[in-house]
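[1] Pasting a predicted model and its sequence here:
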Amino acid sequence: VGTATIVESSVDDNIAGGNGGGIYSKFAEVAVIDSLISGNSALGHGGGAALISDRGSVAVADSTISGNMAAIDGGGVFMRLRFDANAGITGSTVSDNAADGDGGGIWIQSQGGATFELAHSTITGNVADANALDVGIGGGVFSISSSADAPLVAHTIVADNRDGDGTMDDIVGEFFATSHHNLIGVDTGFTGISDGVNGNIIGTAAVPVDPMLGPLQDNGGPTLTHAPLPGSPVIDAGDPAFVPPPFTDQRGYYRVVDGDA
């Protein structure tokens with residue numbers, strides 16, 4: 001198994017005739033840290049990155065994946081995991097990506113014992129079914145994982161994502177029942193995460209939850225982020241019993257603070 005580590009780098013404006021517009025990895029251990037993956041496109045899966053693994057670790061941490069496009073699935077990130085693979089997207093921003101198929105922001109399949117965790121991240125402004133041909137769902141996150149290998153989602157915002165026709169479409173699929181302290185703008189067909197349970201805040205089509213995020217911009221740190229605006233429901237909505245790690249947020253600022261102070 002090979003390894004690849006991308007740190008404090010920019011992967012931008014690349015085009016792939018197949019999978020993985022910015023990064024393509026198959027059966028390797030991969031770490032993307034403090035980096036930007038932006039403006040890439042793929043005629044296959046994974047506009048920003050296509051990461052396929054059946055063993056070892058695949059990690060995206062403290063990075064921003066934005067403005068990427070896939071002609072099939074996974075506008076920002078496409079991950080297919082099985083067997084001994086363990087993967088995660090932590091402390092990262094997946095914003096303004098698009099896929100003509102499923103998973104405008106993230107497309108994930110974990111099976112056969114593989115694990116995936118999405119934590120301390122913001123998934124917003126992404127679009128599935130970008131060509132509006134009714135062939136894609138899951139504007140923010142699409143999971144095709146089985147219940148035994150369902151992804152865990154924690155301390156994450158998934159909101160203001162859409163289908164190509166403009167319909168709100170944040171997250172689709174089956175997720176681990178202990179997923180906790182998330183804000184999901186609209187319930188658009190997922191299981192395992194319930195409003196009011198484990199600190200989760202989930203809106204409906206009739207009453208969506210607005211996370212009140214600022215634009216993608218420099219809020220400090222090495223990568224662009226969306227900062228919560230004053231009055232945002234995500235302020236002080238984390239687990240009050242949370243104990244680091246991680247000690248810092250995507251910007252490198254101390255994570256545990258009084259958001260209203």
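    Okay, I see it.

[2] Tell me where the stretch 151-261 of the chain is predicted with low confidence.
    Applying pLDDT under 70 to the stretch 151-261 of the chain picks out residues 258-261.

[3] for the stretch 1-150 of the chain, that is, sorry about that
    Looking along the stretch 1-150 of the chain with the criterion set at pLDDT under 70, you get 1.

[4] can you pull out the helices in it?
    Applying DSSP state H, counting those that start in this stretch to the stretch 1-150 of the chain gives no helices.

[5] contact partners of stretch 243-250?
    Residues from elsewhere that reach stretch 243-250 (CB atoms under 8 Å, 6 or more residues apart in numbering): 62-64, 90-93, 120, 221, 223, 225, 254-256. Heads up, the C-betas are built off the backbone N, CA and C, glycines and all.

[6] who touches the closest residue to residue 251 other than its chain neighbours in this structure?
    Once flanking residues are discounted, residue 251 sits nearest to residue 221: 2.9 Å by CB to CB, 6 or more residues apart in numbering. The neighbourhood of residue 221, defined by CB under 8 Å, 6+ apart, consists of 249, 250, 251, 252, 253.

[7] out of those, which are buried?
    Neighbour counting over those (16 or more other CB atoms under 10 Å) leaves 249, 250, 251 as the buried ones.

[8] three-state assignment of the second one?
    Here residue 250 takes the coil state, with states given by DSSP: H, G, I helix; E, B strand; the rest coil.

[9] circling back: tell me the one among the contacts of residue 221 nearest to residue 52.
    residue 250 (25.2 Å; CB to CB).

[10] so who does residue 129 touch?
    99, 100, 101, 135, 136, 137, 163, 164, 165.

[11] which one of those is nearest residue 189?
    The closest of the contacts of residue 129 to residue 189 turns out to be residue 137 (CB to CB; 7.5 Å).

[12] do you know how far the closest residue to the closest one other than its chain neighbours is from residue 213?
    Leaving out its chain neighbours, the residue that sits closest to residue 137 by CB to CB, 6+ apart is residue 172, at 5.1 Å. Distance, residue 172 to residue 213, using CB to CB, to the nearest Å: 21 Å.

[13] re earlier: what is the most widely separated pair among the contacts of stretch 243-250?
    64 and 256 (22.2 Å).

[14] The two: which has the busier surroundings?
    Taking other CB atoms under 10 Å, residue 64 and residue 256 do not tie; residue 64 has more neighbours (27 against 12).

[15] right, and residue 91 touches residue 122 too?
    No - with contacts counted by CB atoms under 8 Å, residue 91 stays clear of residue 122, the gap being 9.5 Å.

[16] So the residue nearest to residue 251 versus residue 46, what's the distance?
    Taking CB to CB, one finds residue 221 at 25 Å from residue 46.

[17] on that earlier part again, ok, so of the contacts of residue 221, who is nearest residue 39?
    residue 250 (19.3 Å).

[18] Quick check on the closest one: phi, psi?
    phi -60, psi -30 (degrees, to the nearest 10).
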